[in-house]
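[1] Can you look at this prediction? I've put the sequence above it.
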Amino acid sequence: MIKVLFVCLGNICRSPLAEAIFLDEIEKRDLDSRLSADSAGTAGYHIGDLPDSRSRENAQRNGVTIAHRARQFHSDDFEEFDYILAMDHSNYRHIAGMAERLDLKADHLHLMRSFQVDGAQQEVPDPYYGGSQGFQQVFDILLDANQRFIDYLVKTHQL
């Protein structure tokens with residue numbers, strides 16, 4: 001089983017949506033017995049909370065259900081997950097810094113969009129302070145990024 005962790009700041013908008021889209025896509029491709037996912041936030045602001053209602057509503061409009069409670073990224077996640085995908089540079093640096101302080105390997109840490117041809121160094125924008133259009137933009141970005149990431153996993157791990 002290949003385990004993937006999606007990470008943003010609070011684990012209420014981008015990362016639970018990325019997780020939900022990933023789970024939906026692997027189910028459609030009949031890969032849910034070989035791949036699994038979770039999500040977390042680098043900050044502990046929302047531990048135990050449901051994802052932002054706007055994120056849940058947007059996902060539902062797009063046929064995806066988010067079933068997640070916010071949790072904070074923990075040092076055990078470095079060992080637990082095969083891939084850690086950060087939504088932006090700030091969270092990437094936070095996770096990489098944590099790995100360095102703990103003398104842990106973080107070679108499985110990537111930016112979420114690094115598997116997109118045109119998105120290698122781009123961030124997934126945080127829709128929290130925007131309107132519904134921002135949530136749809138993030139959904140579209142995450143759908144494409146996840147599809148390309150899954151293609152990468154299928155090819156790399158011969159799934």
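    That came in fine, so what should we check first?
[2] what does stretch 109-119 rub up against?
    Residues outside stretch 109-119 that contact it (C-beta atoms under 8 Å, 6 or more residues apart in numbering): 6, 18, 83-89, 92, 95-96, 99, 120-124, 141-142, 144-145, 148-149, 151-152. Glycine gets a C-beta too; all of them are placed from N, C-alpha and C.
[3] Out of those, which end up buried?
    Those of the contacts of stretch 109-119 that meet the buried threshold are 6, 18, 83-88, 92, 95, 99, 122-124, 141-142, 144-145, 148-149, by 16 or more other C-beta atoms under 10 Å.
[4] Can you flag which of the contacts of stretch 109-119 belong to strands?
    Counting by DSSP state E, the part of the contacts of stretch 109-119 found in strands is 6, 83-86.
[5] ranges for the helices of this protein?
    Under the criterion DSSP state H, helices of the chain are mapped to 14-28, 53-61, 77-80, 89-101, 132-157.
[6] For these, state which one has the densest average packing.
    For these, average neighbour numbers computed from mean count of other C-beta atoms under 10 Å are highest in helix 14-28, which has a mean of 25.
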